[in-house]
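Novice: Model the structure of this input:
(one chain, ligands or ions: 2)
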Amino acid sequence: MASTASPTSLSLIPSSSSSSTSRSRSSVQVAAAMSSPRLHSAGLRAPLRRLGFSAVDPLLSLHVAAKVRAVNGKGVRGVVSMAKKSVGDLTAADLKGKKVFVRADLNVPLDGNQNITDDTRVRAAVPTIKHLIGNGAKVILSSHLGRPKGVTPKYSLKPLVPRLSELLGVTVVKAEDCIGPEVEKQVAALPEGGVLLLENVRFYKEEEKNDPEFAKKLASLADLYVNDAFGTAHRAHASTEGVTKFLKPSVAGFLLQKELDYLVGAVSNPKRPFAAIVGGSKVSSKIGVIESLLEKCDILLLGGGMIFTFYKAQGLSVGSSLVEEDKLDLATSLLEKAKSKGVSLLLPSDVVVADKFAPDANSKIVPASAIPDGWMGLDIGPDSIKTFNEALDTTKTIIWNGPMGVFEFDKFAVGTEAVAKKLADLSGKGVTTIIGGGDSVAAVEKVGVASVMSHISTGGGASLELLEGKELPGVLALDEAVAVAV
Ligand SMILES: Nc1ncnc2c1ncn2[C@@H]1O[C@H](COP(=O)(O)OP(=O)(O)OP(=O)(O)O)[C@@H](O)[C@H]1O
Ligand SMILES: O=C(O)[C@H](O)COP(=O)(O)O
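Specialist: Ligands and ions are numbered 1, 2, ... in the order given. The predicted model follows:
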């Protein structure tokens, strides 16, 4: 089952640590994780030094750190608490009767009849809203849907109302706008425990421009702010970032917190061995992710269209497979980096090749070193699946981003589905399995194993940026709760 409990995360590296093995959880355990971009300036250096820690993981210094229980060989030495304020810290005393502006990511897929075809993001938004209404708050719920240019009826949030009402157990009221006098009246009429869903915030171009006046108008509706829109946290928009300048406190929702816990916390403080599986079409779109993961993982498995650039860089012929000619040097340098870091980087040993890019193409399995002219690799082969499975069997943490082949065509979905099944199997055996958004999520859902993974990210772009080690403006803007007890 996907757990809602916070996993651990490493934010501190013991002063004695230098090798990857010394970064094991036996040396440091961390009770929870959230963001603290100003870790270094938060007056924490001295207490950390007293705890025996001299360095801070660079990625985590940008994004993470909450209640950190530092444990080393000598036992518990103290507690360092560095957190973004969380909605979980707000009680009935803080919330009863208060108007709370909640930014969620309800950007769900709709079919031609405006029916929700995947309600994952709606379900993921529920714990935060329930906490708020359960404590007597009045929730003003905001989201974008799609990328409308101005008011566009097909991007209205109206189709969300029935499912939200059902999941929350309250009748959600829908506003026709997201600012203005009518909305203000509806807010004034909200009872304690009520939910008002604002219209698509991107109907105003000011949203994506992060216009301060627009942010101010949104903020004027409420007393405090909760950001739970992980999928949009990489956007500095008025409702994700601008609004925090006018609403205090501005705190993180449960979903945002959980995503950070896994995508930053568990990835930076993995139970080892830690494997990363990276696939997808192009190496150019995954450079940042691969480079960042090479700093942390013990095993890196590569699949998808990007492998042919690596093969070609090694002097192999790749037929008519996808290749990025301008990234050959980069592929070579990534291979060298893996070697120098002691990371075991596995490229598929065999591939499924096709005579055209089509679901009904003729196909055959060939060694990676023998791709015939005129044929293109569209999936990893059975030997590679076996080798990947054996490597994964040794691990305790796995993160996966990007399919192993053209999984949209059933004939070339075998490698991707095999990885999904293997992760499901290992998840059942206690391995932490994290699916980092995008097409790998679709693959896991297609195989029907989503519910057994430790964590499936609700963000595509946001999860990629986090895995690359980038800062998410929607997280950085939230209030910090810094306390130190040593
Ligand atoms: N061998 C291959 N040749 C060509 N395309 C491939 C190959 N293997 C995988 N792909 C394609 O890669 C695409 C996914 O790549 P992408 O880099 O977008 O991955 P992702 O990160 O999972 O997705 P997203 O960008 O949606 O988050 C899929 O559409 C898949 O068909
Ligand atoms: O679906 C997403 O990735 C998020 O909702 C963000 O949407 P955007 O890419 O249109 O900003």
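Novice: mind listing what whatever residue of the chain ends up closest to ligand 1 touches?
Specialist: In the chain, the residue that lies nearest ligand 1 is residue 438 (2.1 Å; Cβ to the nearest ligand atom). Yep, even glycine has a C-beta here, placed from its N, CA and C like the rest. Shown in contact with residue 438 (Cβ atoms under 8 Å, 6 or more residues apart in numbering): 280, 401, 402, 460, 463, 464.
Novice: Next, give phi and psi for it.
Specialist: The phi and psi torsions at residue 438 (degrees, to the nearest 10) take the values phi 80, psi -150.
Novice: Which pLDDT value goes with it?
Specialist: We have a pLDDT of 79 for residue 438.
Novice: related to what we said a few turns ago, from the contacts of residue 438, list just the buried residues.
Specialist: Neighbour counting by 16 or more other Cβ atoms under 10 Å classes 280, 401, 402, 460, 463, 464 among these as buried.
Novice: Taking these, tell me the two that lie furthest apart.
Specialist: 280 and 463 (12.7 Å; Cβ to Cβ).
Novice: Please flag which of the buried ones among the contacts of residue 438 sit within helices.
Specialist: Among the buried ones among the contacts of residue 438, the members found in helices (DSSP state H) are 463, 464.
Novice: Any chance of JSON lines for the buried ones among the contacts of residue 438, columns distance to ligand 2?
Specialist: Putting those into JSON lines (distance: Cβ to the nearest ligand atom, whole Å) gives the following:
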{"residue": "280", "distance to ligand 2": "15"}
{"residue": "401", "distance to ligand 2": "14"}
{"residue": "402", "distance to ligand 2": "15"}
{"residue": "460", "distance to ligand 2": "4"}
{"residue": "463", "distance to ligand 2": "9"}
{"residue": "464", "distance to ligand 2": "10"}
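Novice: How is the chain divided into domains?
Specialist: 12-85+479-485, 87-252, 270-453 (automatic domain parsing).
Novice: how about TSV for those domains, with distance to residue 469 added?
Specialist: Formatted as TSV, the domains of the chain follow (distance: least, Cβ to Cβ, whole Å):
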stretch	distance to residue 469
domain 12-85+479-485	5
domain 87-252	12
domain 270-453	5
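Novice: Now do the contacts for whichever residue of the stretch 101-250 of the chain sits closest to ligand 2.
Specialist: In the stretch 101-250 of the chain, the residue that lies nearest ligand 2 is residue 107 (3.5 Å; Cβ to the nearest ligand atom). Listed by Cβ under 8 Å, 6+ apart, the contact set of residue 107 reads 121, 143, 144, 145, 146, 231, 232.
Novice: I'd like to know which of the residues you listed is nearest to residue 292.
Specialist: The closest of the contacts of residue 107 to residue 292 turns out to be residue 231 (Cβ to Cβ; 19.8 Å).
Novice: wait, that closest one sits on residue 120?
Specialist: No. In this structure, residue 231 is not within contact of residue 120 by Cβ atoms under 8 Å, at 10.1 Å.
Novice: okay, and the common contacts of these two?
Specialist: Common neighbours of residue 231 and residue 120, counting by Cβ under 8 Å, 6+ apart, are residue 458.
Novice: ok, back up a step: and residue 468, which of the domains of the chain is closest to it?
Specialist: Comparing the domains of the chain by their distance to residue 468 (Cβ to Cβ), the top pick is domain 270-453, with 3.5 Å.
Novice: Assumed residue 398 was part of a helix.
Specialist: No. Under DSSP: H, G, I helix; E, B strand; the rest coil, residue 398 sits outside any helix and is assigned strand.
Novice: OK, contacts around it?
Specialist: Contacts of residue 398 (Cβ under 8 Å, 6+ apart): 274, 275, 276, 277, 392, 423, 426, 431, 432, 433, 434.
Novice: Mark which of those are buried, thanks.
Specialist: Buried by 16+ other Cβ under 10 Å: 274, 275, 276, 277, 392, 423, 426, 431, 432, 433, 434, out of the contacts of residue 398.
Novice: Now tabulate the residues you listed in JSON lines and tack on secondary structure.
Specialist: Listed next are those as JSON lines, based on three-state DSSP:
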{"residue": "274", "secondary structure": "strand"}
{"residue": "275", "secondary structure": "strand"}
{"residue": "276", "secondary structure": "strand"}
{"residue": "277", "secondary structure": "strand"}
{"residue": "392", "secondary structure": "helix"}
{"residue": "423", "secondary structure": "helix"}
{"residue": "426", "secondary structure": "helix"}
{"residue": "431", "secondary structure": "coil"}
{"residue": "432", "secondary structure": "strand"}
{"residue": "433", "secondary structure": "strand"}
{"residue": "434", "secondary structure": "strand"}
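Novice: With that, I have no additional questions.
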